[in-house]
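J.: No letters, just coordinates:
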């Protein structure tokens, strides 16, 4: 068994977990599997047999649109529960592919059911995270048709920054992007050329800095204003979550 659970660490950022809850979450990560960058983890319409916790690296979910273009739905980071959309369907509604070399921890739906039956507070936290993810996706969907290319890029960078900060206290104002401009474009509905142009413009305007694949956010307030951005990963109302006995 792994000594710690990155998923438990992620949930514990919101509310304290009991030792029993931590041990139960750790069991979801008992069978880590290494995957290479570009490896297909799940194909859309495949029968769903596994759900995942991402332990290391990055993974994305996506669909292929009728015109053959790719729409990236979500980028996952260590500590994320991957496949929440697949819990309610027998066929996968999206494809999953590794954006980097990664370690995923697969488990089946029966393991999730046992966890939720035995630990209702964990069920409440999964509900919380699922809804936070839904609201963030709604924000991005609204931005695709209503905001400028610059606003979309600014909002996307801020969302990655804030999500990484949830589990990495060492992040202050910079982070490793680890995404190509094509991947960014496929997430926010822009061409890679347009993404490149917007990033260069923001760099020239002193909003961001770039060095060795690392992005530094130099003017957070201005970026939030440009991106019409709301951080959906903080200021959550947790009063309704059952307390520890």
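T.: Great, that's in hand. What you are looking at is a predicted structure, and each value in this text was computed from that prediction instead of being measured.
J.: Do a quick rundown of the helices in this protein.
T.: 6-12, 19-27, 109-118, 120-146, 149-167, 181-188, 192-204, 220-227 (DSSP state H).
J.: of the ones you listed, which approaches residue 95 most closely?
T.: When the helices of the chain are compared by Cβ to Cβ, helix 181-188 sits nearest residue 95, at 12.4 Å. Heads up, the C-betas are built off the backbone N, CA and C, glycines and all.
J.: and the closest one, what's its mean pLDDT?
T.: Averaged over helix 181-188, pLDDT sits at 96.
J.: what does stretch 162-172 give?
T.: For stretch 162-172, the per-residue pLDDT averages 91.
J.: And that stretch, end to end?
T.: 10 Å (Cα to Cα, to the nearest Å).
J.: now what about it, what contacts it?
T.: Here stretch 162-172 makes contact (Cβ atoms under 8 Å, 6 or more residues apart in numbering) with 6, 9, 10, 13, 77, 78, 79, 161, 175, 231, 233, 234.
J.: hey, which helix or strand in the protein has the poorest pLDDT?
T.: helix 120-146 (a mean of 87; mean pLDDT, DSSP states H and E).
J.: by contact count, what packs against that one?
T.: When contacts are defined as 3 or more Cβ pairs under 8 Å, 6 or more residues apart in numbering; DSSP states H and E, helix 120-146 sits against helix 6-12, helix 19-27, strand 70-76, helix 109-118, helix 149-167, helix 181-188.
J.: Show me what counts as buried in that helix.
T.: For helix 120-146, the neighbour count (16 or more other Cβ atoms under 10 Å) marks 121-122, 124-126, 128-129, 132-133, 136, 139-140, 143 as buried.
J.: ok, residue 116 - how many residues close by?
T.: When neighbours are counted by other Cβ atoms under 10 Å, residue 116 registers 14.
J.: ok, it touching residue 122?
T.: Yes. Counting by Cβ atoms under 8 Å, residue 116 touches residue 122, with 6.7 Å between them.
J.: Domain map for this protein?
T.: Structural domains assigned to the chain are 6-121, 148-227, following automatic domain parsing.
J.: which stretch among the ones you listed comes nearest residue 241?
T.: domain 6-121 (5.6 Å).
J.: Name all residues that make contact with the closest residue to residue 50 other than its chain neighbours.
T.: Take residue 50 and drop its neighbours on the chain: the residue closest to it by Cβ to Cβ, 6 or more residues apart in numbering is residue 106, 4.1 Å away. By Cβ under 8 Å, 6+ apart, the residues touching residue 106 are 31, 33, 50, 51, 52.
J.: can you do 7 Å?
T.: Residue 106 makes contact with 31, 33, 50, 52, according to Cβ atoms under 7 Å, 6 or more residues apart in numbering.
J.: same thing with residue 201?
T.: Neighbour list for residue 201: residue 150 [criterion: Cβ under 7 Å, 6+ apart].
J.: where does it sit relative to residue 140, distance-wise?
T.: 20 Å (Cβ to Cβ, to the nearest Å).
J.: so where is this protein shaky, pLDDT-wise?
T.: Scanning the chain for pLDDT under 70 picks out 1-3, 245.
J.: same thing but at 50, please
T.: Residue ranges of the chain with pLDDT under 50: 1.
J.: measure stretch 164-179 end to end?
T.: Note: stretch 164-179 ends 14 Å apart using Cα to Cα.
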